[in-house]
Structures are given as C-alpha cells and as structure tokens.
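Enquirer: coords please:
(chains A and B)
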Amino acid sequence: MIEVFMPKAGMDMKEGTLIRWLKEVGETVELDEPIMEIETDKITMEAESPGSGILLSKIVEEGSVVPVLSVLGYIGEAGELPPQQTSQVMNFANSKTEEGEDSARSFRDAVSARGEAEEGFRDAVSARDKVVEGFVNILSSGNKTAENAGTAGEYKGSIPATPYAKKLAREKGIDLCDIAGENSMNGAIHGKDVMATSLAKRVAEVNQVDLWEVAGSGKHGKITRADVERQMQEFSESSQNPFRTVESRQKLKGVRKVVGKRMFESYSQVPTVMQSMKADMTKLLDFRRKLNEGREQKISLNDLLIKATATAVKELPHVRTMVEGDELVTYAEANIGFAVAVEDGLYVPVIRNADQLSVGEISRQARELAKKAREGTIRPDEFSGGTFSISNMGMFDVYTFNPIINQPESGILGITGIEDVLKLVDGQVVVRKEAVLCMSYDHRVMDGVGAAKLKKRVKELIEHPIEILI
Amino acid sequence: MSEITYAQAVNDAISEEMRKDETVFMLGEDIGLYCGAFGVSKGMIQEFGEERIMDTPIAEQGYVGAAVGAAMAGLRPVVELMFSDFMCVCFDELVNEAAKLRFMFGGKVKIPLVMRTASGAGTGAAAQHSQSLEACLAHFPGLKVAVPSTPYDAKGLLKTAIRDDNPVMFLEQKTLYRTKGQVPEEDYAIPFGVADVKREGGDCTIVTYGRMVQMSLEAAKRLAQEGIQAEVIDIRTLVPLDIDTIIGSVKKTKHVCIVHEAVCFGGFGGEICGQIADSEAFYYLDAPIRRLGAKSTPIPFNPKLEAETFPTVEKIYQAVRGLL
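Expert: Predicted coordinates:
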C-alpha cells in the first residue's frame, strides 16, 4: 500500500491545501501522474502520484488544510482494504518532521488528547483554535477508533454537546468524538459544528451568511466553505446593480489568488515607505551595447540591474534584514528576486548569491526561470528564499510606481522606463538617458537614510558600470 | 374596532357580561364611587347599582370567602383584589376552598369565580404592593391563571374567565392599565390555553407573558437589526398552558429564552423550562435554556433599585445574543 501525502514543496512550506482530487476512488493511477491539485501559500500546483495502482481511499476532503507529509489517501491493489483510522491517526501524529512546525504539533496534541477522556477533549478544542478546517476534516474523516468502537452517535463518557448537535450527528451518522466545538459557550459542540466545517462557519460569520439557509455538499451533507461562498454569490447576483452588467465572473483562484493574498498582507501589515532617486543610464546602456557585441545570448538591462542590486545588497547588511516575530534577522546571502509577469499573475523567481555570479550566468539563470514561470512549471524552491527583490517596468514606459514589498524582505527596488533628458553638464547642455529608481522599504527594518544608501550605491554602479564586473 | 385602554377593556368585558347575565356581579374595595384603585370600574356603579357593584370592607378573607359562597350558590362573582399581594391574606379561601370544592363535592357544585387583581411592579409601590405571584397560583390544581398583555387580550380573556365554571385567577398588569390598543366592538372571547405568537422568527424563541411581552418585542426589534430573528410567544394563560406552541417553536429555532417579571427562582419559567426538557423539543435544543426573571429580593422602594430588579429590554437583548 502506498500513502498519498501532502508534498513538502519548498523549505518554508508547513501546510498545504488540498484543492481537489484529480482521480476518483477506484481509478487507476500511474507513478508521477498528477493525482491532485494542491495550494501552498505561494503557489497552486499539481502533485504527482507517489506510485502506481488503484486509488483505494481519500481520507482528506477537498479544501482541507493539512500539515506537509500528512497522509491524504492510499493507493494499492484492487480489493485491498485501506488501513483503519487508528493507524492513519498515527501517521498524522508522526508527520512532524520539521522542527518548529506549530500546526503539526498542535495537531498531534489534538490527536493524543482525543484518546483521553473529557479533559482531553477540551485540550483538543483549544488546540483546534490554532488550526483550521483541515484538522476537523481529518478527524471527521475516520469513523471509529479503538476506544470509541460504538455505533456513530453513541458516546462513552461525556462530550459537551447540545441535544440538537447530538440529534444531527445521529441522523447524519457522524461521531461527535470527531468534531471539535468552537462556539463561545463552554467549548461545547453545537448544531452548527455538526452541520458545517470550521472554515465554513468562520466564512459565514464574517460575511453574515445564515448557515441554516446553506445547503451542504460535503461529506455527510456538511456545509463547506464553497457552499457558503456559492450562497453569497447567488445573493450578490440577485441584488445586482441595474446599471452594471456582469460580463464574466471567475472564481479567485490559482496564482491570481495567491498573489492577491500576499500583496494584501504585505500592503496591510508592513509600514511601507516610498523613496525615489534618478539614475543616469547613459553609460550602462553603452556598456551593455559593448558587452553584447558578438554575443549570441544577449545580456539584458535587467540582468545588469540584478547584478548591480546584488552587489549593493551584499555590501549593505541592513538591506538583507527582515522582521521575524520580535527579532531582526540578517541573512548572509544576496538572493535577488525579480518580478516576472505571467498571464494571470506574477512570480518572483530568485537568483541565489547573485553577487557572486557573472553577468552571463545571471542572464542564463534569469532567462530559464522566467521561461519556467511563464510556462507554469516553476517549483516553489525556485521562488523562495530571496533576501531582496527588484521589479523592472522599463519596457512598459512606466514613469513612476510604488512596488509592493515581497514579504518578508526589507524592500523592493522598482526601475522605470528610460527617458532622454537635457542636462547641464559643466555649463553645456547635453542629452542623457535617465531612469528613476523607485524603492519601497519596510520602515520597521530601515529608515530613509538606509534606503537612500542602497539606491545611492545602485546608482553609482549604474553610472560606473565597469564596477559591476569587479 | 376602537382604541381603548387596558383598564377600559377590563371594564367593558365585565359590563357586557353583566348586561347579558344578571348573575354576574362585582365586589371589592372602593370599586363603587371611587372606581377602584386603578379606575377600572368607572361608571359601573351608576349603571348597575350598589347591589351588583359591591363595596367591601378592607377584609380580603371575608369578601373572597363570600364570593366563593356566592359562586357555590349559583352567582358569578368577579372579585377585585386591590393588589395581588393581598391574596396572601385570603389564601385559605382561594387555595383550600375555591380550588378544591368542585372536586370534593364530586362535581355537585361549581365555582364560577373570577379573582381580578393588579399584579406586578414598576410603580414604586415597594415590597408589599409589587409582586407577581402567578407561579404559586399555578401550582394549585383547580385554579386557572390568566395574565393578559394587551387591551384586546384583557377583554377577550376576561369574558372567557367570567363564563368559566371554575375559579380563574386573573392577573391584570398594573403598569399596562393606561396602555391603549385596538379592541373590536362586537362580542368576542379568547379561549384559554392558546398562546399568541406575537412575532415570528427562526433564530430564537422568547416565551413570555404580561408586562414582559412588549419589552420582548422591543428586544426582538433590536435583534432584528443585527439579523437575529426572534420569535416572541405570549402564552396568555399559565393554566392551562399551550405547551404545544412552545415546543413547535423551539423545534424550529433551537434556542429558547423565557422571560417573566416574577422572581426567577421558583418562577413559572422553571415549569416551561421543565416541560420543554421533557418533550421532543429537548433534542432540538442547541443551547442551554435561558430564563430571565426578577432577582430574589423583596422589591425595593427606591425606583433605581426597583428598575434594577427586573428584566429590561437590554437584558433580554443580551440574553438572546448570548444564546446564539
């Protein structure tokens, strides 16, 4: 028997959302064939099957958030029976492989508490506060455990639940041991806890949706987040503005959704300050023209800007510094992210130790990463671990803009389009090429002077490009 | 339809029954020229004379006992007991005589007695003139108990009470005497044991009666502004009790809050609570049953302390919010 588990796609990944299964129970799957779609806090991707055989069971519902390496289902031979819940629970309990994985730890607490009596149940309830829907779903996915072998709806010991919750559970064949109550009163299980997932309840509460009016489509007829959202959408359609006609309506999903979430978090959580500085691009353009003479793979302006930024970032530790909890953490590397527009969003691939790479190597890596991003084949590892980012809008003739910081980095450097300007140099009017360096920085990490120091250094390198090669 | 006061509705009910049935008569303290402590019997002595609007000495034991005897002898006495607190003086007549005689004589006598009395607080009348004692009356088999909350109910229920061959304790609400409401001019009666759903809602059932009905409706209005739909049930008569309406509503809303002005401890809310818990509605309860009533204290004379003693619109609102 082969376990289908939540892959750990990247060092930072602690948990992932199972968006949907691509295979039905009973269907044949091949090794490395896409078996499900998952979402991390950075990306939506297809995950491949860890082996060949028949999908025997799905033990986690679509939409659930689970710790990495959690078992989601089983692949085996036809007729083989998937393991009992007890062993599944053990798998979850052992799924904590990375230190400091809060979610995995609280889940394990919840699982062990479950084996204990009433007091343990309360621990499980409080542990649940830290986690989301996934765990409740995981718990409710199995029906029996050794110490709870009665029929569904019969309870040994006392579980605080309202009579109505017990009635609903009995009717739906749900074991109350598998549900954590989250109402304000005594942590008891209420009707809504049986009817809806925790996430659905929260979404309904925030959006003032009456849960009793939502039809459930999940397991045991449970109301899921999607059910609540469908209800909201139907409502908004019925109360449409007569002066506006909906041309199309799409679910916020995939890259667009992840980008939106991350941008919103950055914009709303970080005290971001804008600061701009003009840079004379004449020599850099000239330098690039000379570099590219006879070169097959042309060096782009972007490649040179990555190199210049990396050099400056390496020289200035405060730029490589991030807020982590109540600490300021400075990282050693100048790992430079660069924004790449894709059809429905944005990726920021990272070039590691860019200060130590030749411009040619940077160019090669940047080209490959951008291609992968556009094709959607980029791996989470390839766009994480950055220590600073740039966003070059030069090719779009942008005159000025406020880039949003790619959290948790200290700032982001935007580069605008290049303009011909008339300048006075030694009393003579000359034509120069000019661009603006538009920087957004995290004021918790640095002040105006710190930000200016970085731009000043980048400007120097741009205006004396030969230094870039040193 | 015409808009009249609660006091006038009571007056109309008795007057209309007295015109139709000459065995109906009234007795009580200062009900003649003085028109009673709350002006209910205004104009009645002029219409019906001293024999049928009978002023009595300040001796509850005496005139309530006389009324029981008159009822046994075939008349239909309507007693006005000035303050419901004074029923304690004539408890033997009410509890040991009126409530029991029809049973003890094997049905050979009837006791068509109505004891009307002014009940409840809110007038600064202090500990001995402000109580709501319906729970102890409801406790005695043989007594029916009605507590009207509107002029319409006061008239319709009182007619039923006068026509009933059994003793009825009719607890009028002191603070409601001056409130007005639409009342039909034509004859009508409201049967006992039929609750009135004052407001429909799906989120929480508020079971109440008497003075608290209006306050519960106001609380429901506030709750509705937050999207909480409360169903307000006025039970109207405690005995007989329309438990079916309550059970049906609780099954629908899954939450219940019982509100009465009487002291919560040992109050009638406990009986409603118990009947819900005893019924199939139990399995639909999604929160503990909440009761609101007066604090366990003699009612203070100080108006601020008095107000603090009882449920208020705010307290009802908070109680329901706390349930959901």
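Enquirer: would you mind measuring the gap between the ends of stretch A:71-82?
Expert: End-to-end distance of stretch A:71-82 (CA to CA, to the nearest Å): 12 Å.
Enquirer: residues in contact with the nearest residue to residue A:419 once chain neighbours are set aside?
Expert: Residue nearest to residue A:419 in three dimensions, not counting chain neighbours: residue A:434, with 5.4 Å by CB to CB, 6 or more residues apart in numbering or on different chains. To be clear about C-beta, it is placed using only N, CA and C from the backbone, and glycine gets the same treatment. Residues in contact with residue A:434 (CB atoms under 8 Å, 6 or more residues apart in numbering or on different chains) are A:278-281, A:418-421.
Enquirer: same deal with residue A:404?
Expert: Taking CB under 8 Å, 6+ apart, one finds A:263, A:266-267, A:272, A:412, A:440 in contact with residue A:404.
Enquirer: list buried residues within those.
Expert: The neighbour-count test (16 or more other CB atoms under 10 Å in any protein chain shown) marks A:263, A:266, A:272, A:412, A:440 as buried among those.
Enquirer: give me the subset of those that also touch chain B.
Expert: Contacts with chain B are made by none of the buried ones among the contacts of residue A:404, judged by CB under 8 Å from any CB of the partner chain.
Enquirer: how far off centre is stretch A:425-432?
Expert: Centroid separation for stretch A:425-432 versus its chain: 50 Å, with CA atoms, centre = their mean, to the nearest Å.
Enquirer: which of the contacts of residue A:434 sit farthest apart?
Expert: Largest separation among those by CB to CB: A:279 and A:420, giving 14.3 Å.
Enquirer: can you flag which of the contacts of residue A:434 belong to helices?
Expert: Members of the contacts of residue A:434 lying in helices (criterion: DSSP state H): none.
Enquirer: selecting buried members of these in ChimeraX, what would you type?
Expert: Restricted to buried positions by 16+ other CB under 10 Å, the ChimeraX selection for the contacts of residue A:434 reads:
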select /A:279,280,281,418
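Enquirer: mind checking what helix or strand follows the helix or strand containing the residue nearest to residue A:419 in sequence?
Expert: Using DSSP states H and E, residue A:434 sits within strand A:428-442. Using DSSP H and E, the next helix or strand after strand A:428-442 towards the C-terminus is helix A:448-463.
Enquirer: can you give me the mean pLDDT across that following helix?
Expert: Averaged over helix A:448-463, pLDDT sits at 96.
Enquirer: please name every helix or strand in contact with it.
Expert: The contact analysis (3 or more CB pairs under 8 Å, 6 or more residues apart in numbering or on different chains; DSSP states H and E) places helix A:448-463 against strand A:272-280, helix A:282-292, helix A:301-315, strand A:411-415, strand A:428-442.
Enquirer: which strands and helices lie in contact with the fourth one?
Expert: Packed against strand A:411-415, as judged by 3+ CB pairs under 8 Å, 6+ apart, are the following elements: strand A:388-392, strand A:428-442, helix A:448-463.
Enquirer: winner for burial among these?
Expert: strand A:388-392 (a mean of 24; mean count of other CB atoms under 10 Å in any protein chain shown).
Enquirer: before we move on, the earlier item: which of the contacts of residue A:404 sits closest to chain B?
Expert: Relative to chain B, the closest of the contacts of residue A:404 is residue A:267; by CB to the nearest CB it sits at 30.7 Å.
Enquirer: secondary structure element for the closest one?
Expert: Applying DSSP H and E, one finds residue A:267 within helix A:254-269.
Enquirer: report the buried residues of that helix.
Expert: With the criterion 16+ other CB under 10 Å, helix A:254-269 contains buried residues A:254-256, A:258-259, A:262-263, A:266.
Enquirer: identify the residues contacting that helix?
Expert: By CB under 8 Å, 6+ apart, helix A:254-269 touches A:39, A:41-44, A:252, A:272, A:342, A:344-347, A:404-407.
Enquirer: could you flag which of the residues you listed are buried?
Expert: Burial by neighbour count, judged by 16+ other CB under 10 Å, picks out A:39, A:41-44, A:272, A:342, A:345-347, A:404-406 from the contacts of helix A:254-269.
Enquirer: so residue B:79 sits in a strand?
Expert: Yes: checked against DSSP: H, G, I helix; E, B strand; the rest coil, residue B:79 lies within a strand.
Enquirer: and the buried ones among the contacts of helix A:254-269 as JSON lines, adding secondary structure and pLDDT?
Expert: Below are these laid out as JSON lines (DSSP: H, G, I helix; E, B strand; the rest coil; pLDDT from 0 to 100):
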{"residue": "A:39", "secondary structure": "strand", "pLDDT": "83"}
{"residue": "A:41", "secondary structure": "coil", "pLDDT": "74"}
{"residue": "A:42", "secondary structure": "coil", "pLDDT": "71"}
{"residue": "A:43", "secondary structure": "coil", "pLDDT": "75"}
{"residue": "A:44", "secondary structure": "strand", "pLDDT": "77"}
{"residue": "A:272", "secondary structure": "strand", "pLDDT": "95"}
{"residue": "A:342", "secondary structure": "strand", "pLDDT": "88"}
{"residue": "A:345", "secondary structure": "strand", "pLDDT": "85"}
{"residue": "A:346", "secondary structure": "strand", "pLDDT": "89"}
{"residue": "A:347", "secondary structure": "strand", "pLDDT": "91"}
{"residue": "A:404", "secondary structure": "coil", "pLDDT": "95"}
{"residue": "A:405", "secondary structure": "coil", "pLDDT": "95"}
{"residue": "A:406", "secondary structure": "coil", "pLDDT": "93"}
